[in-house]
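S.K.: Fold the stuff below for me.
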Amino acid sequence: GVLRQVFYATTRFGLFETFRDKLHEIRGKTDFASRVGIGAVTGGIAAYISCPMEVAVVRMSNDSTLPAAERRNYKGVTDTATRIIKEEGVATFWRGSGPFVQRAMMVGVFQVATLDQFKEMYAHYLHQKKNSIPNVFCASMTSGLLYSLATMPLEASKNRMAFQKICPDSGKLPYTGTLQTIKKVASEEGFFALYNGFLPYYIRCGGHTVGMFILVQMLRDVYKDKMV
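M.R.: This next block holds a predicted model:
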């Protein structure tokens, strides 16, 4: 999980800052619409780059939940990646890239683009000082809730596609795409099956969002103090 974030989070934020600043040079401004677009594009690019690590993490975490006869018994990240390449081919790493990339695009929009709006709103209605730690905490928790609600079905689809096996009866994979997976799960198990485990998912997403943005704000404050 840490290795996944090394690839995904650093790429996403690095690209977002770079694209945002470049667009500001061209347009002379940075508005909410441009943040939405940049967040979606950079989130998708970062997700596609980190797909191999994502698949390895999903395989390893889910393997222990299977019956003993069906387990692949992965020993670590390197063993997982090596066996996937040998047994299933390199393309397997991107087999579930559709929902992962789409989810990441939505995370980029809901996590980054909405944060400034919530900071301004809480500063106005709750009389918080903008960019203070309480202000960033409230805004990031709200952003985390929104993107958790929006991305949970895509997260469920991504996990099912990444961990699926060929059906012995039909000889085909049960899930072929994001919408097909969502429709299949909703029709067979009910729509809210896509939100199974939502509370821990939100705790993870909200906690990650809060910790990330508070750390970023603290680093910015330190940098500003040293520049003064």
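S.K.: Ramachandran coordinates for M121?
M.R.: phi -70, psi -50 (degrees, to the nearest 10).
S.K.: how deep is it tucked in, by neighbour count?
M.R.: 15 (other CB atoms under 10 Å). In short, each C-beta sits where N, CA and C put it, glycine included.
S.K.: How about S34?
M.R.: 16.
S.K.: again, but for V90
M.R.: With other CB under 10 Å as criterion, V90 counts 10.
S.K.: do you know how far it is from A81?
M.R.: 10 Å (CB to CB, to the nearest Å).
S.K.: Please apply the same query to F32.
M.R.: For F32, the distance to A81 - CB to CB - is 39 Å.
S.K.: Quick check on those two: which one has the bigger neighbour count.
M.R.: Using other CB under 10 Å as the criterion, F32 and A81 rank with A81 on top: 18 against 11.
S.K.: State the helix or strand in which the more buried one lies.
M.R.: helix 77-88 (DSSP states H and E).
S.K.: What residues sit buried inside that helix?
M.R.: V77, T80, A81, R83, I84 (16 or more other CB atoms under 10 Å).
S.K.: what residues are up against K165?
M.R.: L173 (CB atoms under 8 Å, 6 or more residues apart in numbering).
S.K.: Low-confidence regions, the chain specifically.
M.R.: 1, 96, 228 (pLDDT under 70).
S.K.: For the spatially most central residue of it, give its distance to L115.
M.R.: With distances taken as CA atoms, centre = their mean, the residue of the chain nearest its centroid is A104 (4.5 Å). From A104 over to L115 the distance is 16 Å, taken as CB to CB.
S.K.: What of S132?
M.R.: Distance from S132 to L115, by CB to CB: 14 Å.
S.K.: Can you show me the helices along this structure?
M.R.: Listed in chain order, the helices of the chain (DSSP state H) span 2-27, 32-49, 51-63, 77-88, 97-107, 114-125, 133-163, 178-189, 198-227.
S.K.: Would you mind finding the most buried of those helices?
M.R.: Ranked by mean neighbour count under mean count of other CB atoms under 10 Å, the helices of the chain are led by helix 97-107, which reaches a mean of 23.
S.K.: Which other helices and strands does it contact?
M.R.: helix 32-49, helix 51-63, helix 133-163, helix 178-189 (3 or more CB pairs under 8 Å, 6 or more residues apart in numbering; DSSP states H and E).
S.K.: Compute the inter-axis angle for the shortest one and helix 97-107.
M.R.: Just to be clear, that refers to helix 178-189. With axes from the mean of the first three to the mean of the last three CA atoms, to 10 degrees applied, the angle from helix 178-189 to helix 97-107 works out at 100 degrees.
S.K.: How far away from the center of its chain is helix 178-189?
M.R.: Mean-position distance between helix 178-189 and its chain equals 20 Å (CA atoms, centre = their mean, to the nearest Å).
S.K.: now do stretch 112-124
M.R.: With CA atoms, centre = their mean, you get 20 Å for stretch 112-124.
S.K.: Alpha carbons of that stretch, as PDB, please.
M.R.: The C-alpha coordinates for stretch 112-124 follow below in PDB (Å, rounded to 0.1, in the frame of the first residue of the first chain):
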ATOM      1  CA  VAL A 112      -8.600  18.600  -4.900                       C
ATOM      2  CA  ALA A 113     -11.100  20.800  -6.800                       C
ATOM      3  CA  THR A 114     -13.700  21.000  -4.100                       C
ATOM      4  CA  LEU A 115     -11.200  21.600  -1.200                       C
ATOM      5  CA  ASP A 116     -10.800  25.400  -1.800                       C
ATOM      6  CA  GLN A 117     -14.600  25.800  -2.100                       C
ATOM      7  CA  PHE A 118     -15.200  24.100   1.200                       C
ATOM      8  CA  LYS A 119     -12.400  26.100   2.900                       C
ATOM      9  CA  GLU A 120     -14.100  29.400   1.800                       C
ATOM     10  CA  MET A 121     -17.500  28.100   2.800                       C
ATOM     11  CA  TYR A 122     -16.400  27.100   6.300                       C
ATOM     12  CA  ALA A 123     -14.400  30.300   6.700                       C
ATOM     13  CA  HIS A 124     -17.600  32.300   5.900                       C
END
